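1. Here is a sequence together with a model predicted from it:
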Amino acid sequence: MRLRVLSSVSVAAVVAGAVVLSQGAANAADPPSPRDFPPAMVNGVAHDLGISQEQARKTLGEQAAARVVLDRLPEAIVRQAPGKWFDDQTGALTVAVTDQATADAVRAAGARPAFVGRSKSRLAALVAKVAALAANDVPGLNGYGVDEVRNDVLVRINATKKTAATEEFLRELRGTDGVRVEETDTSPVQQAGEVNPGDGWWPGSETACSVGVAVTDANGGKHFLTAGHCTNDANQAAYGQSGQQNRIGTGNVGGSRGVNGREGDMGVVAVTESGWTLSTAVNTWGQSAISVTGSKDAIVGETVCHSGNTAPNWECGRVTKLNHTMDYGSVVVEGLTVTTACSQGGDSGGVWLAGDKAIGLHEGAINGNSCPTGDNAVFQPLNEALAKWNLTLYSGGTTTGVTVTNPGN
């Protein structure tokens, strides 16, 4: 049974306004000019990070250049690095290293090495230890994962929910070098939302979710990706309007196209009804739409934005952590990306962007529906969902049908 949406959402067209991208991560040889970034991305980054538009353009340009450097790094270094991140202070890609030879290779590729004390395998062993201790359902445990910048493992606890079992869990961790515990008074929530960058869709008679990205299968069939907790029910009708109106298709066909558990939080809706078309434009709510040119995986430190149908709809922040485990009480989800962005109930499934590349599907928030500074909104990496079901990002072309717009507009 799907977690219900925490706030009401506006009616919106689904696939017709969905985010769509070209297949592949578009590894350009040269970064784009700062003036080439979509205005919505520049405006969102400037507003939500509290910087000027010129500073936002500079940051986006430096991030794009860091991506080019990342593509030049030897694969073995990328695979074995304990961490890598975009440093907004230096404007450079930083790579964690444990030996001089690797540091020299990192410099040769144009990145900045940072010596750390724990290898990637050591960090993985620490995560495995925490996961083993957490297997017994620890009250108040919000989640855990590697902090690449600090070169340690972070464990989050809601202090208001601690019990004797929680204290025993913490006693087991105390004195473990490389494990850090942070306590808070909030718990994470999965936020039901849309299935498109900003536009809403409705699973059966339930409250709305958000459309993430439009995709096609090997036979050219039309679909969109969204949050898995929006597609928990197999073969559930999907609608583009509340009140079970304007049917789009069917979610989680056959019961094998929706995941909401340790593997991730991702699902597929088949677009089968006539009159629905796919689109490449991301709804940025009052600003010019962003045409997505590909997909990629997030880097710690880079600025990102997401679109959802809960005000203010278009929100930005920085990536702080990758591959984190979130414990929602009723379900544990692994492999999530953590950001400083705000989010609200009704955003789940909506697309996350870094520049004009799609990087994720909105999943939830560490601090519920509040929007404090620091870690908050989390998302499911997009490329994992594409690979799981062998789907291709829609890149334009002909699809028959009409666009269904928000009946409330």
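-> That came through fine.
2. CA only for contacts and neighbour counts going forward, please
-> OK.
3. quick one, helices of the stretch 151-300 of the chain?
-> Taking DSSP state H, counting those that start in this stretch as the test, the helices found in the stretch 151-300 of the chain are 164-173.
4. Just the buried residues of the longest helix seen in the chain, please?
-> With secondary structure taken from DSSP state H, the chain has its longest helix at helix 53-72. For helix 53-72, the neighbour count (16 or more other C-alpha atoms under 10 Å) marks 53, 56-70, 72 as buried.
5. where in the stretch 201-350 of the chain is pLDDT low?
-> Within the stretch 201-350 of the chain, the segments meeting pLDDT under 70 span 311.
6. For it, just list every one of the strands.
-> 209-210, 213-216, 222-226, 236-241, 245-251, 258-261, 264-271, 281-282, 290-291, 294-295, 303-307, 314-327, 332-339 (DSSP state E, counting those that start in this stretch).
7. Report pLDDT for Val130.
-> On pLDDT, Val130 comes in at 96.
8. Could you check how far it is from Glu168?
-> Noted for Val130: a distance of 13 Å to Glu168, by C-alpha to C-alpha, to the nearest Å.
9. Between those two, point out the one with more neighbours.
-> It is Val130, of Val130 and Glu168, that has more neighbours when counted by other C-alpha atoms under 10 Å, with 22 against 13.
10. residues of the one helix or strand that one maps to that come out buried?
-> Assigned by DSSP states H and E, Val130 belongs to helix 120-134. Neighbour counts over helix 120-134 (16+ other C-alpha under 10 Å) mark 120, 123-124, 126-127, 130, 133-134 as buried.
11. before we move on, the earlier item: now for the longest helix of the chain, which elements pack on it?
-> Counting contacts by 3 or more C-alpha pairs under 8 Å, 6 or more residues apart in numbering; DSSP states H and E, helix 53-72 packs against helix 39-49, strand 92-97.
12. Can you tell me which of these is most buried?
-> With neighbours taken as mean count of other C-alpha atoms under 10 Å, the helices and strands packed on helix 53-72 reach their highest mean count in strand 92-97, at a mean of 26.
13. Over it, what's the mean pLDDT, rounded is fine.
-> The average pLDDT within strand 92-97 is 97.
14. So for the helix or strand following that strand, what gets flagged as buried?
-> Next in sequence after strand 92-97, counting helices and strands by DSSP H and E, comes helix 100-108. Residues of helix 100-108 classed as buried by neighbour count (16+ other C-alpha under 10 Å): 102-103, 105-106.
15. what's the answer for stretch 284-293, then?
-> Within stretch 284-293, the residues scored as buried using 16+ other C-alpha under 10 Å are 284-285, 289-293.
16. which two in the residues you listed are spaced the farthest apart?
-> Trp285 and Thr293 (19.4 Å; C-alpha to C-alpha).
17. Look at Ser370 and report its pLDDT.
-> Per-residue confidence at Ser370 stands at 65 (pLDDT).
18. what do you get for the one 4 residues further on?
-> Among the per-residue scores, Gly374 shows a pLDDT of 81.
19. Then the one 5 residues further on?
-> The predicted local distance difference test score for Phe379 is 96.
20. which residues sit in contact with it?
-> When contacts are counted by C-alpha atoms under 8 Å, 6 or more residues apart in numbering, Phe379 is found next to 336-338, 352, 360-364.
21. Tell me who's in contact with the nearest residue in space to Cys305 that is not next to it in sequence.
-> Closest residue to Cys305 apart from its sequence neighbours, by C-alpha to C-alpha, 6 or more residues apart in numbering: Cys316 at 4.0 Å. Contact partners of Cys316, counting by C-alpha under 8 Å, 6+ apart, are 44-45, 48-49, 303-306, 340-342.
22. Redo those as CSV? Include distance to Pro113.
-> Formatted as CSV, the contacts of Cys316 follow (distance: C-alpha to C-alpha, whole Å):
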residue, distance to Pro113
Gly44, 30
Val45, 27
Asp48, 29
Leu49, 26
Thr303, 21
Val304, 24
Cys305, 28
His306, 30
Thr340, 25
Ala341, 28
Cys342, 31
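23. ok, of the residues you listed, which one's closest to Tyr239?
-> Nearest to Tyr239 out of the contacts of Cys316 is His306 (C-alpha to C-alpha; 22.1 Å).
24. To what extent is the closest one buried, counted in neighbours?
-> Look at His306: counted by other C-alpha under 10 Å, it has 33 neighbours.
25. Next up, the contacts around it.
-> By C-alpha under 8 Å, 6+ apart, His306 lies in contact with 197, 313-316, 350-353, 362.
26. from those residues, which is closest to Gln190?
-> Checking these against Gln190 with C-alpha to C-alpha, the nearest one is His362 at 9.0 Å.
27. Pull up the pairing partners for the helix or strand where that closest one lies, direction included.
-> Counting by DSSP H and E, the element that carries His362 is strand 357-365. Note on strand 357-365: by DSSP bridges, its sheet partners are strand 189-190 (antiparallel), strand 294-295 (parallel), strand 351-354 (antiparallel), strand 377-381 (antiparallel).
28. List just the one of these that sits closest to Gly221.
-> Of all these, strand 294-295 sits nearest to Gly221, with 19.3 Å by C-alpha to C-alpha.
29. now the end-to-end length of stretch 299-313.
-> End-to-end span of stretch 299-313 (C-alpha to C-alpha): 23 Å.
30. Please point out which parts of that stretch sit buried.
-> Across stretch 299-313, burial judged by 16+ other C-alpha under 10 Å covers 299-311, 313.
31. From these, pick the one nearest Thr90.
-> Closest to Thr90, out of all of the buried residues of stretch 299-313 and judged by C-alpha to C-alpha, is Gly301, at 11.5 Å.
32. who are the neighbours in contact with that closest one?
-> Applying C-alpha under 8 Å, 6+ apart, we find Gly301 in contact with 85-88, 318-320.
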